[in-house]
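Peer 1: model this:
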Amino acid sequence: GSMASSTRLSPPRDGSVETHLHCMGPWAWRLDFQRVHVSTMSSSAFFAYGALLTLASGTVYVGSLASLRTPEATKALRKEKGLKETDDDEEEVQGVSSEGAWMFPLLGSAVLVSLFLAFKYLDKEMIILIVNIYFAVVGCLAIPPVLLHLCKMAFGSHSLDWCTKRALSFKGHVSWTTPSTKKNLYDTVIKLDSATMGLFVVVVVLMAIYMYTKHWVLANIIAVCFAMQGLSLILLDSFQTGLILLGGLFLYDIFWVFGSSKFAGQSVMVSVATNFDGPIKILAPRNLLEVLSSVQEKGWTAADAFQFSLLGLGDIVVPGAFAALALAFDQHHASTKARSLTFNRFFYKFPKPYFHACMVGYVLGLFTTMVVMHIFKTGQPALLYLSPSCSLSVLFVAWYRGELLDMWSWVSPASQGAPKTAPDDKKQA
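Peer 2: A predicted model of the protein is given here:
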(Lines give C-alpha, C1' and ligand atoms only; values in the text may rest on other atoms or scores of the structure.)
Protein backbone atom coordinates (compact mmCIF):
# COMPACT_ATOMS: atom_id res chain seq x y z
CA GLY A 1 0.00 0.00 0.00
CA SER A 2 2.58 2.58 1.08
CA MET A 3 4.97 1.53 -1.67
CA ALA A 4 2.29 2.29 -4.23
CA SER A 5 1.59 5.69 -2.70
CA SER A 6 4.61 7.45 -4.17
CA THR A 7 4.04 11.14 -3.45
CA ARG A 8 5.68 14.40 -4.32
CA LEU A 9 7.65 17.22 -2.86
CA SER A 10 5.74 20.47 -2.48
CA PRO A 11 7.55 23.74 -3.31
CA PRO A 12 7.79 26.84 -1.18
CA ARG A 13 5.29 29.53 -2.04
CA ASP A 14 7.58 32.52 -1.79
CA GLY A 15 8.49 33.60 -5.31
CA SER A 16 11.28 35.93 -4.20
CA VAL A 17 13.56 33.30 -2.71
CA GLU A 18 16.24 33.38 -5.43
CA THR A 19 16.47 37.19 -5.32
CA HIS A 20 17.11 37.17 -1.62
CA LEU A 21 19.66 34.39 -1.89
CA HIS A 22 21.73 36.43 -4.32
CA CYS A 23 21.50 39.55 -2.20
CA MET A 24 21.93 38.28 1.33
CA GLY A 25 22.91 34.59 1.25
CA PRO A 26 21.05 31.62 2.67
CA TRP A 27 22.13 32.19 6.27
CA ALA A 28 21.15 35.86 6.55
CA TRP A 29 18.51 34.97 9.16
CA ARG A 30 21.29 34.32 11.69
CA LEU A 31 22.24 38.01 11.62
CA ASP A 32 18.75 39.26 12.34
CA PHE A 33 16.13 36.62 13.18
CA GLN A 34 13.11 38.80 12.42
CA ARG A 35 14.68 41.08 9.86
CA VAL A 36 12.91 40.26 6.60
CA HIS A 37 10.11 37.81 5.80
CA VAL A 38 11.93 36.60 2.69
CA SER A 39 15.05 35.87 4.75
CA THR A 40 13.31 33.40 7.03
CA MET A 41 11.52 31.85 4.08
CA SER A 42 14.79 31.26 2.21
CA SER A 43 16.49 29.59 5.16
CA SER A 44 13.36 27.60 5.98
CA ALA A 45 13.20 26.31 2.42
CA PHE A 46 16.79 25.14 2.63
CA PHE A 47 16.06 23.49 5.96
CA ALA A 48 13.06 21.63 4.50
CA TYR A 49 15.00 20.38 1.49
CA GLY A 50 18.00 19.42 3.61
CA ALA A 51 15.84 17.62 6.18
CA LEU A 52 13.99 15.61 3.53
CA LEU A 53 17.21 14.73 1.71
CA THR A 54 18.94 13.65 4.93
CA LEU A 55 16.01 11.68 6.30
CA ALA A 56 15.25 9.93 3.01
CA SER A 57 18.86 8.99 2.20
CA GLY A 58 19.50 7.95 5.81
CA THR A 59 16.45 5.69 5.73
CA VAL A 60 17.61 4.07 2.49
CA TYR A 61 21.13 3.57 3.87
CA VAL A 62 20.14 2.06 7.22
CA GLY A 63 17.22 0.13 5.74
CA SER A 64 19.52 -1.45 3.15
CA LEU A 65 21.93 -2.57 5.88
CA ALA A 66 19.00 -4.00 7.81
CA SER A 67 17.88 -5.96 4.74
CA LEU A 68 21.10 -8.00 4.57
CA ARG A 69 20.97 -11.73 5.29
CA THR A 70 23.79 -14.09 6.22
CA PRO A 71 25.64 -14.85 2.96
CA GLU A 72 25.49 -18.30 1.36
CA ALA A 73 29.27 -18.62 1.63
CA THR A 74 29.06 -18.31 5.41
CA LYS A 75 26.23 -20.84 5.61
CA ALA A 76 28.27 -23.29 3.53
CA LEU A 77 31.30 -22.77 5.78
CA ARG A 78 29.19 -23.45 8.86
CA LYS A 79 27.93 -26.64 7.28
CA GLU A 80 31.47 -27.75 6.40
CA LYS A 81 32.57 -27.29 10.01
CA GLY A 82 29.50 -29.08 11.37
CA LEU A 83 28.09 -26.00 13.09
CA LYS A 84 24.39 -25.42 13.60
CA GLU A 85 22.54 -22.70 11.74
CA THR A 86 21.83 -19.56 13.73
CA ASP A 87 18.47 -17.83 13.94
CA ASP A 88 19.77 -14.57 12.44
CA ASP A 89 17.65 -14.98 9.31
CA GLU A 90 14.56 -16.48 10.83
CA GLU A 91 12.06 -13.87 9.65
CA GLU A 92 10.18 -14.51 6.46
CA VAL A 93 10.74 -12.32 3.39
CA GLN A 94 8.63 -11.52 0.35
CA GLY A 95 10.77 -11.87 -2.74
CA VAL A 96 9.91 -9.93 -5.89
CA SER A 97 10.52 -11.58 -9.27
CA SER A 98 10.55 -9.95 -12.71
CA GLU A 99 6.98 -11.13 -13.27
CA GLY A 100 5.86 -9.54 -10.02
CA ALA A 101 7.69 -6.29 -10.76
CA TRP A 102 5.39 -5.63 -13.73
CA MET A 103 2.42 -5.69 -11.36
CA PHE A 104 3.60 -2.87 -9.10
CA PRO A 105 2.56 -0.01 -11.44
CA LEU A 106 -0.83 -1.66 -11.99
CA LEU A 107 -1.47 -2.26 -8.30
CA GLY A 108 -0.18 1.21 -7.48
CA SER A 109 -2.52 2.75 -10.05
CA ALA A 110 -5.49 0.84 -8.64
CA VAL A 111 -4.78 2.01 -5.09
CA LEU A 112 -4.12 5.58 -6.22
CA VAL A 113 -7.33 5.88 -8.26
CA SER A 114 -9.36 4.30 -5.45
CA LEU A 115 -8.07 6.85 -2.94
CA PHE A 116 -8.58 9.71 -5.39
CA LEU A 117 -12.22 8.74 -6.01
CA ALA A 118 -12.82 8.09 -2.31
CA PHE A 119 -11.56 11.56 -1.38
CA LYS A 120 -13.65 13.11 -4.16
CA TYR A 121 -17.00 11.42 -3.58
CA LEU A 122 -16.97 10.10 0.00
CA ASP A 123 -16.49 11.67 3.42
CA LYS A 124 -12.82 12.64 3.48
CA GLU A 125 -12.50 12.56 7.26
CA MET A 126 -14.01 9.09 7.47
CA ILE A 127 -11.66 7.75 4.78
CA ILE A 128 -8.64 9.20 6.58
CA LEU A 129 -9.82 7.74 9.89
CA ILE A 130 -10.31 4.25 8.42
CA VAL A 131 -6.93 4.24 6.68
CA ASN A 132 -5.17 5.60 9.78
CA ILE A 133 -6.72 2.87 11.93
CA TYR A 134 -5.40 0.34 9.43
CA PHE A 135 -1.91 1.86 9.60
CA ALA A 136 -2.08 1.95 13.40
CA VAL A 137 -2.87 -1.77 13.60
CA VAL A 138 -0.22 -2.67 11.00
CA GLY A 139 2.29 -0.39 12.70
CA CYS A 140 1.81 -2.04 16.08
CA LEU A 141 2.73 -5.37 14.47
CA ALA A 142 5.42 -4.20 12.04
CA ILE A 143 7.38 -1.55 13.93
CA PRO A 144 8.55 -3.56 17.02
CA PRO A 145 10.64 -5.99 14.89
CA VAL A 146 12.19 -3.00 13.11
CA LEU A 147 13.20 -1.37 16.39
CA LEU A 148 14.51 -4.70 17.70
CA HIS A 149 16.70 -5.20 14.65
CA LEU A 150 18.00 -1.62 14.81
CA CYS A 151 19.04 -2.25 18.42
CA LYS A 152 20.95 -5.36 17.32
CA MET A 153 22.63 -3.37 14.54
CA ALA A 154 23.67 -0.66 16.99
CA PHE A 155 24.72 -2.76 19.99
CA GLY A 156 25.60 -6.17 18.51
CA SER A 157 23.68 -9.18 17.24
CA HIS A 158 23.70 -10.86 20.66
CA SER A 159 23.10 -7.74 22.76
CA LEU A 160 19.45 -8.63 23.38
CA ASP A 161 19.78 -12.39 23.76
CA TRP A 162 18.88 -12.14 27.44
CA CYS A 163 15.36 -11.00 26.57
CA THR A 164 14.78 -12.78 23.25
CA LYS A 165 15.66 -16.41 23.94
CA ARG A 166 12.15 -17.45 24.94
CA ALA A 167 9.39 -16.52 22.56
CA LEU A 168 6.02 -17.46 21.12
CA SER A 169 5.87 -17.72 17.32
CA PHE A 170 2.82 -17.57 15.07
CA LYS A 171 3.04 -18.46 11.37
CA GLY A 172 0.60 -17.33 8.69
CA HIS A 173 0.41 -18.68 5.15
CA VAL A 174 -1.76 -17.67 2.19
CA SER A 175 -1.70 -19.63 -1.08
CA TRP A 176 -3.66 -19.96 -4.32
CA THR A 177 -4.38 -23.57 -5.28
CA THR A 178 -5.69 -24.95 -8.58
CA PRO A 179 -5.97 -28.60 -9.67
CA SER A 180 -2.52 -28.41 -11.29
CA THR A 181 -0.57 -25.73 -9.40
CA LYS A 182 -0.12 -24.17 -6.01
CA LYS A 183 1.25 -20.64 -5.65
CA ASN A 184 2.44 -19.13 -2.41
CA LEU A 185 1.03 -15.63 -2.11
CA TYR A 186 2.10 -14.54 1.35
CA ASP A 187 3.98 -15.96 4.33
CA THR A 188 4.55 -14.26 7.64
CA VAL A 189 5.93 -15.05 11.07
CA ILE A 190 5.02 -13.14 14.21
CA LYS A 191 7.48 -13.66 17.05
CA LEU A 192 6.61 -12.55 20.56
CA ASP A 193 9.45 -12.38 23.08
CA SER A 194 9.87 -10.10 26.08
CA ALA A 195 11.75 -7.46 24.06
CA THR A 196 9.18 -7.49 21.27
CA MET A 197 6.28 -7.28 23.72
CA GLY A 198 7.93 -4.39 25.53
CA LEU A 199 8.46 -2.56 22.25
CA PHE A 200 4.88 -3.41 21.29
CA VAL A 201 3.63 -1.48 24.32
CA VAL A 202 5.85 1.47 23.39
CA VAL A 203 4.57 1.45 19.80
CA VAL A 204 0.94 1.22 20.93
CA VAL A 205 1.45 4.33 23.07
CA LEU A 206 3.24 6.05 20.17
CA MET A 207 0.37 5.21 17.80
CA ALA A 208 -2.23 6.40 20.29
CA ILE A 209 -0.47 9.74 20.72
CA TYR A 210 -0.14 10.10 16.95
CA MET A 211 -3.81 9.28 16.33
CA TYR A 212 -4.79 11.94 18.87
CA THR A 213 -2.32 14.70 17.95
CA LYS A 214 -1.42 13.90 14.28
CA HIS A 215 1.94 15.51 15.03
CA TRP A 216 4.26 15.58 12.03
CA VAL A 217 7.32 14.41 13.99
CA LEU A 218 5.49 11.26 15.12
CA ALA A 219 4.22 10.77 11.58
CA ASN A 220 7.82 10.89 10.32
CA ILE A 221 9.00 8.35 12.90
CA ILE A 222 6.21 5.95 11.96
CA ALA A 223 6.76 6.47 8.23
CA VAL A 224 10.51 5.79 8.52
CA CYS A 225 9.79 2.58 10.44
CA PHE A 226 7.33 1.50 7.74
CA ALA A 227 9.95 2.21 5.07
CA MET A 228 12.62 0.19 6.88
CA GLN A 229 10.21 -2.69 7.38
CA GLY A 230 9.47 -2.65 3.66
CA LEU A 231 13.17 -2.65 2.77
CA SER A 232 13.82 -5.55 5.16
CA LEU A 233 11.00 -7.80 3.97
CA ILE A 234 10.57 -7.01 0.26
CA LEU A 235 13.68 -8.22 -1.56
CA LEU A 236 14.31 -8.05 -5.30
CA ASP A 237 15.60 -11.31 -6.79
CA SER A 238 17.85 -9.83 -9.50
CA PHE A 239 18.99 -6.63 -11.18
CA GLN A 240 16.71 -7.47 -14.09
CA THR A 241 13.77 -7.28 -11.70
CA GLY A 242 15.13 -4.07 -10.19
CA LEU A 243 15.43 -2.35 -13.57
CA ILE A 244 11.94 -3.49 -14.57
CA LEU A 245 10.55 -2.14 -11.30
CA LEU A 246 12.32 1.23 -11.61
CA GLY A 247 11.34 1.54 -15.27
CA GLY A 248 7.70 0.68 -14.70
CA LEU A 249 7.32 3.04 -11.76
CA PHE A 250 9.22 5.71 -13.68
CA LEU A 251 6.36 5.74 -16.23
CA TYR A 252 3.76 5.34 -13.48
CA ASP A 253 5.04 8.41 -11.64
CA ILE A 254 5.13 10.60 -14.74
CA PHE A 255 1.63 9.63 -15.80
CA TRP A 256 -0.09 10.11 -12.46
CA VAL A 257 1.69 13.40 -11.66
CA PHE A 258 1.49 15.06 -15.09
CA GLY A 259 -0.70 13.00 -17.43
CA SER A 260 -3.61 12.44 -15.05
CA SER A 261 -4.51 16.14 -15.06
CA LYS A 262 -5.66 15.74 -18.68
CA PHE A 263 -8.67 13.63 -17.70
CA ALA A 264 -9.03 14.22 -13.95
CA GLY A 265 -8.69 18.01 -14.03
CA GLN A 266 -5.83 17.86 -11.52
CA SER A 267 -2.80 15.76 -10.70
CA VAL A 268 -4.14 12.59 -9.12
CA MET A 269 -0.85 11.87 -7.33
CA VAL A 270 -0.49 15.36 -5.84
CA SER A 271 -4.17 15.41 -4.87
CA VAL A 272 -3.95 12.15 -2.92
CA ALA A 273 -0.63 13.13 -1.33
CA THR A 274 -1.89 16.49 -0.07
CA ASN A 275 -5.34 15.24 1.00
CA PHE A 276 -4.23 12.15 2.86
CA ASP A 277 -3.08 12.83 6.41
CA GLY A 278 -1.25 9.66 7.39
CA PRO A 279 2.21 8.09 7.84
CA ILE A 280 2.81 7.39 4.14
CA LYS A 281 5.15 10.34 3.64
CA ILE A 282 7.89 12.24 5.43
CA LEU A 283 7.35 15.91 6.18
CA ALA A 284 9.57 18.93 6.76
CA PRO A 285 8.25 22.41 7.58
CA ARG A 286 9.15 24.89 4.87
CA ASN A 287 8.30 27.89 7.07
CA LEU A 288 10.01 26.80 10.29
CA LEU A 289 11.73 30.12 11.00
CA GLU A 290 8.56 32.07 10.25
CA VAL A 291 6.70 29.97 12.80
CA LEU A 292 9.43 30.45 15.40
CA SER A 293 9.34 34.19 14.72
CA SER A 294 5.57 34.27 15.18
CA VAL A 295 5.93 32.30 18.42
CA GLN A 296 8.19 35.05 19.76
CA GLU A 297 5.65 37.68 18.79
CA LYS A 298 2.32 35.95 19.55
CA GLY A 299 3.09 32.91 21.71
CA TRP A 300 2.50 29.24 20.87
CA THR A 301 -1.29 29.38 20.88
CA ALA A 302 -1.52 32.15 18.26
CA ALA A 303 1.56 31.20 16.23
CA ASP A 304 1.40 30.67 12.47
CA ALA A 305 0.66 27.16 11.24
CA PHE A 306 3.34 24.98 9.67
CA GLN A 307 3.46 24.54 5.89
CA PHE A 308 5.12 21.32 4.79
CA SER A 309 7.23 19.96 1.98
CA LEU A 310 6.73 16.22 1.64
CA LEU A 311 8.22 13.09 0.12
CA GLY A 312 6.24 9.87 -0.22
CA LEU A 313 7.40 6.50 1.03
CA GLY A 314 7.33 5.13 -2.51
CA ASP A 315 10.20 7.46 -3.38
CA ILE A 316 12.17 5.89 -0.52
CA VAL A 317 11.19 2.21 -0.65
CA VAL A 318 11.37 1.65 -4.43
CA PRO A 319 14.89 3.09 -4.98
CA GLY A 320 15.80 1.71 -1.56
CA ALA A 321 14.94 -1.83 -2.63
CA PHE A 322 17.31 -1.40 -5.59
CA ALA A 323 20.02 -0.02 -3.29
CA ALA A 324 19.51 -3.02 -0.96
CA LEU A 325 19.98 -5.35 -3.92
CA ALA A 326 23.23 -3.57 -4.83
CA LEU A 327 24.41 -3.98 -1.23
CA ALA A 328 23.53 -7.70 -1.30
CA PHE A 329 25.59 -8.03 -4.50
CA ASP A 330 28.55 -6.37 -2.77
CA GLN A 331 28.11 -8.73 0.18
CA HIS A 332 28.01 -11.73 -2.17
CA HIS A 333 31.31 -10.73 -3.78
CA ALA A 334 33.03 -9.99 -0.47
CA SER A 335 31.83 -13.11 1.36
CA THR A 336 32.85 -15.35 -1.57
CA LYS A 337 36.37 -13.91 -1.73
CA ALA A 338 36.98 -13.96 2.04
CA ARG A 339 34.90 -16.67 3.70
CA SER A 340 34.56 -16.31 7.46
CA LEU A 341 32.25 -17.53 10.19
CA THR A 342 31.96 -13.95 11.43
CA PHE A 343 30.61 -12.79 8.06
CA ASN A 344 26.94 -12.78 9.06
CA ARG A 345 24.11 -10.32 8.36
CA PHE A 346 25.45 -7.94 11.03
CA PHE A 347 28.94 -7.74 9.49
CA TYR A 348 29.19 -4.53 7.46
CA LYS A 349 32.94 -3.98 7.02
CA PHE A 350 33.31 -5.05 3.40
CA PRO A 351 33.77 -3.14 0.10
CA LYS A 352 30.49 -1.66 -1.18
CA PRO A 353 31.18 -0.16 -4.64
CA TYR A 354 27.73 -0.88 -6.06
CA PHE A 355 25.86 0.23 -2.96
CA HIS A 356 27.83 3.45 -2.58
CA ALA A 357 27.33 4.24 -6.27
CA CYS A 358 23.59 3.69 -5.89
CA MET A 359 23.48 5.92 -2.81
CA VAL A 360 25.31 8.68 -4.71
CA GLY A 361 22.79 8.27 -7.52
CA TYR A 362 19.91 8.46 -5.05
CA VAL A 363 21.16 11.65 -3.40
CA LEU A 364 21.86 13.30 -6.77
CA GLY A 365 18.45 12.24 -8.12
CA LEU A 366 16.60 13.57 -5.09
CA PHE A 367 18.65 16.77 -5.14
CA THR A 368 17.78 17.24 -8.80
CA THR A 369 14.11 16.75 -7.96
CA MET A 370 14.27 19.54 -5.40
CA VAL A 371 16.14 21.91 -7.71
CA VAL A 372 13.66 21.42 -10.57
CA MET A 373 10.71 21.74 -8.20
CA HIS A 374 12.14 24.91 -6.68
CA ILE A 375 12.69 26.48 -10.08
CA PHE A 376 9.31 25.61 -11.59
CA LYS A 377 7.32 25.98 -8.35
CA THR A 378 5.35 22.77 -8.86
CA GLY A 379 5.40 19.24 -7.44
CA GLN A 380 7.67 16.79 -9.25
CA PRO A 381 7.54 13.00 -9.76
CA ALA A 382 10.66 12.08 -7.83
CA LEU A 383 11.05 8.71 -9.58
CA LEU A 384 11.44 10.62 -12.84
CA TYR A 385 14.91 11.52 -11.53
CA LEU A 386 15.57 8.73 -9.02
CA SER A 387 14.98 5.78 -11.36
CA PRO A 388 17.58 6.81 -13.98
CA SER A 389 20.10 8.07 -11.43
CA CYS A 390 20.04 4.87 -9.33
CA SER A 391 19.99 2.41 -12.24
CA LEU A 392 22.62 4.21 -14.34
CA SER A 393 24.99 4.59 -11.38
CA VAL A 394 24.95 0.83 -10.72
CA LEU A 395 25.25 -0.04 -14.42
CA PHE A 396 28.22 2.33 -14.75
CA VAL A 397 30.08 0.64 -11.89
CA ALA A 398 29.38 -2.81 -13.39
CA TRP A 399 30.70 -1.64 -16.78
CA TYR A 400 33.76 0.00 -15.22
CA ARG A 401 34.61 -3.15 -13.23
CA GLY A 402 33.89 -5.48 -16.17
CA GLU A 403 31.11 -7.25 -14.25
CA LEU A 404 28.04 -6.52 -16.38
CA LEU A 405 27.38 -10.17 -17.24
CA ASP A 406 27.99 -11.26 -13.65
CA MET A 407 25.63 -8.60 -12.34
CA TRP A 408 22.95 -9.36 -14.93
CA SER A 409 22.92 -13.12 -14.25
CA TRP A 410 23.18 -12.97 -10.45
CA VAL A 411 20.16 -14.08 -8.42
CA SER A 412 19.88 -13.03 -4.78
CA PRO A 413 19.67 -16.09 -2.51
CA ALA A 414 17.84 -14.02 0.12
CA SER A 415 14.86 -13.65 -2.25
CA GLN A 416 14.19 -17.37 -2.47
CA GLY A 417 10.78 -16.81 -1.00
CA ALA A 418 9.68 -15.08 -4.22
CA PRO A 419 6.43 -16.55 -5.54
CA LYS A 420 7.95 -17.32 -8.92
CA THR A 421 11.20 -18.86 -7.67
CA ALA A 422 11.45 -22.53 -8.43
CA PRO A 423 12.67 -24.88 -5.69
CA ASP A 424 15.62 -26.00 -7.85
CA ASP A 425 16.89 -22.45 -7.98
CA LYS A 426 17.31 -22.08 -4.25
CA LYS A 427 21.01 -22.78 -4.31
CA GLN A 428 21.93 -20.21 -6.89
CA ALA A 429 24.53 -17.79 -5.67
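
Peer 1: Please enumerate the strands of the stretch 251-400 of the chain.
Peer 2: Listed from the start of the chain, the stretch 251-400 of the chain has strands (DSSP state E, counting those that start in this stretch) covering 281-285, 308-312.

Peer 1: I'd like to know which of the ones you listed lies nearest to V111.
Peer 2: Distances from V111 to each of the strands of the stretch 251-400 of the chain were compared by Cβ to Cβ, and the smallest falls on strand 308-312, at 12.2 Å. C-betas here are computed from N, CA, C, even on glycine.

Peer 1: Can you give me the distance of the residue positioned nearest the centre of the chain to F200?
Peer 2: For the chain, the residue sitting closest to the mean C-alpha position, by Cα atoms, centre = their mean, is V317 at 3.0 Å. Per Cβ to Cβ, to the nearest Å, V317 is found 23 Å from F200.

Peer 1: Could you look up the next helix or strand downstream of the helix or strand where L231 lies?
Peer 2: The secondary structure element spanning L231 is helix 216-233 (assigned by DSSP states H and E). Later in the chain than helix 216-233, the nearest helix or strand by DSSP H and E is strand 234-236.

Peer 1: now for that following strand, which elements pack on it?
Peer 2: The helices and strands touching strand 234-236, judged by 3 or more Cβ pairs under 8 Å, 6 or more residues apart in numbering; DSSP states H and E, are strand 94-96, helix 314-337.

Peer 1: Check the ones you listed for me and report the most buried one.
Peer 2: Highest mean neighbour count of the helices and strands packed on strand 234-236: helix 314-337, a mean of 25 (counted as mean count of other Cβ atoms under 10 Å).

Peer 1: what's the offset of it from the middle of its chain?
Peer 2: In terms of Cα atoms, centre = their mean, to the nearest Å, the gap separating the centre of helix 314-337 from the centre of its chain is 13 Å.

Peer 1: Equivalent analysis for stretch 348-366, please.
Peer 2: Offset of stretch 348-366 from its chain centre (Cα atoms, centre = their mean): 15 Å.

Peer 1: Helices along the stretch 301-429 of the chain, start to end?
Peer 2: Along the stretch 301-429 of the chain, counting by DSSP state H, counting those that start in this stretch, helices occupy 314-337, 353-376, 383-401, 404-409.

Peer 1: Mean pLDDT and distance to F306 added to those, as a markdown table?
Peer 2: Converted to a markdown table, the helices of the stretch 301-429 of the chain look like this (pLDDT from 0 to 100; distance: least, Cβ to Cβ, whole Å):
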| stretch | mean pLDDT | distance to F306 |
| --- | --- | --- |
| helix 314-337 | 94 | 21 |
| helix 353-376 | 94 | 19 |
| helix 383-401 | 95 | 26 |
| helix 404-409 | 93 | 44 |
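
Peer 1: Columns distance to A195 on top of these, output as TSV?
Peer 2: Supplementary listing: the helices of the stretch 301-429 of the chain in TSV, determined by distance: least, Cβ to Cβ, whole Å:
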stretch	distance to A195
helix 314-337	24
helix 353-376	29
helix 383-401	34
helix 404-409	38
